[in-house]
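Student: Below is the structure, and that's it, no one-letter string:
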């Protein structure tokens, strides 16, 4: 059976550490798993007034894309001890209008990547709190706080072997968790 996994990067910057980590995880996916990159930078801010008759096309497309997924891997930086606004907006767009939550039941993985020593702990836990309300079962162990990320990259911007092995451990646990919940 082929699985389709969404990859949502909270940082909009093309060269972000979180995007680098997401690409590393995507490269480790087995051949029976198809990654789908979820783009959030073009989503208008959620406003219930816009959701009435004809929602913005970007919302409609995003909701359909998420609805078709088997699971979602979130990669988030930490902004002011929480998630970036674009990521929170994507969660809101996908969970509205009330009663039409496209996130519900989709197993999630949360990875936070940071140049700081605590690895985005605050953002990781704020995201987990929102995912609980959105009815997304979330992998608890192993936890994925990737701190001091600049020290984990080689001169070419690739993650060093020990880090890649850790990513594989996390990914293997997530895929087993996802399959168990199906």
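Tutor: Arrived safely. Quick caveat, the model's predicted, so the values are computed rather than measured.
Student: Lowest average confidence across helices and strands of the chain, where is it?
Tutor: strand 145-146 (a mean of 94; mean pLDDT, DSSP states H and E).
Student: Next, the buried residues of the helix or strand where residue 34 lies.
Tutor: Using DSSP states H and E, residue 34 sits in strand 33-38. The neighbour-count check on strand 33-38 (16 or more other C-beta atoms under 10 Å) flags 33, 35-36, 38 as buried. Every C-beta, even on glycine, is put in place using the N, C-alpha and C of the backbone.
Student: In three-state terms, label residue 112 for me.
Tutor: strand (DSSP: H, G, I helix; E, B strand; the rest coil).
Student: Name the nearest residue to it, ignoring sequence neighbours.
Tutor: residue 120 (2.9 Å; C-beta to C-beta, 6 or more residues apart in numbering).
Student: who's in contact with that neighbour?
Tutor: 76-78, 112-114, 145-147 (C-beta atoms under 8 Å, 6 or more residues apart in numbering).
Student: Please report how far it lies from residue 77.
Tutor: 6 Å (C-beta to C-beta, to the nearest Å).
Student: Quickly list what's touching both of these two.
Tutor: With C-beta under 8 Å, 6+ apart, residue 120 and residue 77 have common neighbours 112-114.
Student: Out of those residues, the closest to residue 15 would be?
Tutor: residue 113 (12.6 Å; C-beta to C-beta).
Student: Could you report the pLDDT at that closest one?
Tutor: Looking at residue 113, its pLDDT stands at 95.
Student: partners of it in the sheet?
Tutor: Applying DSSP bridges to residue 113 gives these bridge partners: residue 146.
Student: That one - how many residues pack around it?
Tutor: 28 (other C-beta atoms under 10 Å).
Student: give the contact list for residue 114.
Tutor: Counting by C-beta under 8 Å, 6+ apart, the residues that residue 114 touches are 17, 77-78, 120, 123, 145-147, 149.
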